[in-house]
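[1] Here's my sequence, what's the structure:
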Amino acid sequence: MVQQKTVWITGASSGLGLHTAMAFRDDGWQVIAGARSFGKDGSGIDGITCLPLDVTSEDSIRAFCESAAAIAVPDALVQCAGMLVLGSCEETDPEEFRRVIDTNYLGMVRINREVLPLMRANGGGKIVLFSSINGLMGIPFQSAYTASKHAIEGYAECLSMEVKPFGIQVMLVEPGDHRSGSDKYRPHAAAMGGNSPYAAAYESAVRQIHHDESNGSDPDILGRKLAKTLDRKRIPFRKRIASADQHLAVYIHRFLGARINSAILRKYYIRQG
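    Got it, this is the predicted structure:
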């Protein structure tokens, strides 16, 4: 009889994290999920053990890992916790930048510091870090989110090389737009308003961002692709899950000059005179 594999998933109460957790459950994994909104009784999603987890708190992370490890050491860790702040570079406050980076990037660093010793002792494991298309290219008025995802990309390259001797594999997931976002985790920078010198361009970009997310790809398909990928013995370092036009945007960004890229993206997002 094949032993059931265990995955720990962060940020699993909503968005891509929730769809990913349900996909792993349906694929036969034992899923231990963490999120700030979960209570201590382990309930919340059918067939999934749900535990409270705030990735910005060392104490919360330690408590989550102790409770989860008492159930099962992870064969895989999937880090989905994230947020963004919409705003111009100039008018996004340093504290707003800090909140995004603390959640999206440093949250992963904190979790990994607790989980890596468990995986080394267990002889290996798989770590999946949610990056984004924005980890490869920037778009206007998402600078804090883009900065955090670029940090994850570089961090993952370092991590992958360091943990390979211990049988631990690392994979970056780079989703494009998916129909799963919540406005709760997409606040606007406090300083953005009608008097902003960027107001017209900002409103245009926000409309386009909202349109692309509302008409994005199916998050259930993303979850199933991740589960099937982690069923394999070897996983790729990067897995981009996006629409054809978003794949094309990445290739254009990679092979064309900065001036051309900037002109294309500005025309797409900022549609006013």
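[2] Look at Ile252 and say how many residues are nearby.
    Ile252: 14 surrounding residues under other CB atoms under 10 Å. For every residue, glycine as well, the C-beta is placed using N, CA and C.
[3] these two touch, right, it and Ile264?
    Yes. Using CB atoms under 8 Å, Ile252 is in contact with Ile264, at 6.8 Å.
[4] List the buried residues in the longest helix seen in the chain.
    Taking DSSP state H as the criterion, the chain has its longest helix at helix 143-163. Neighbour counts over helix 143-163 (16 or more other CB atoms under 10 Å) mark 143-153, 155-156, 159-160, 163 as buried.
[5] Starting from the helix or strand following it, tell me which strands it pairs with and how they run.
    Where DSSP states H and E defines the elements, the next helix or strand beyond helix 143-163 is strand 168-175. Here strand 168-175 has these sheet partners by DSSP bridges: strand 125-130 (parallel), strand 238-241 (parallel).
[6] can you tell me the helix or strand for Val31?
    Going by DSSP H and E, Val31 is in strand 30-35.
[7] Any chance of a markdown table for the strands paired with strand 168-175, columns distance to Ala81, mean neighbour count and mean pLDDT?
    Output for those, formatted as a markdown table (distance: least, CB to CB, whole Å; neighbours: other CB atoms under 10 Å; pLDDT from 0 to 100):
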| stretch | distance to Ala81 | mean neighbour count | mean pLDDT |
| --- | --- | --- | --- |
| strand 125-130 | 8 | 24 | 98 |
| strand 238-241 | 18 | 18 | 95 |
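[8] Put together CSV for the ones you listed, with distance to Tyr105 on each row.
    CSV is the format used below for the strands paired with strand 168-175 (distance: least, CB to CB, whole Å):
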stretch, distance to Tyr105
strand 125-130, 10
strand 238-241, 17
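[9] what's the strand holding Val31 packed up against?
    In terms of contacts (3 or more CB pairs under 8 Å, 6 or more residues apart in numbering; DSSP states H and E), strand 30-35 is packed against strand 6-10, helix 15-26, strand 48-52, helix 58-71.
[10] what sits against the residue nearest to Asp75 when sequence neighbours are not counted?
    Take Asp75 and drop its neighbours on the chain: the residue closest to it by CB to CB, 6 or more residues apart in numbering is Lys5, 4.3 Å away. Taking CB atoms under 8 Å, 6 or more residues apart in numbering, we find Lys5 in contact with 28-30, 75-76.
[11] So what touches stretch 262-272?
    Stretch 262-272 is contacted from outside by 137, 139-141, 200-201, 204-205, 208-209, 252, 256, using CB under 8 Å, 6+ apart.
[12] With stretch 109-128 instead?
    Outside stretch 109-128, the residues that touch it by CB under 8 Å, 6+ apart are 8, 10, 55, 58, 61-62, 65, 69, 73-79, 155, 159, 163, 166-173, 226, 230, 235.
[13] mind listing what's buried in the strand holding Val31?
    Neighbour-count burial for strand 30-35, counted by 16+ other CB under 10 Å, picks out 30-35.
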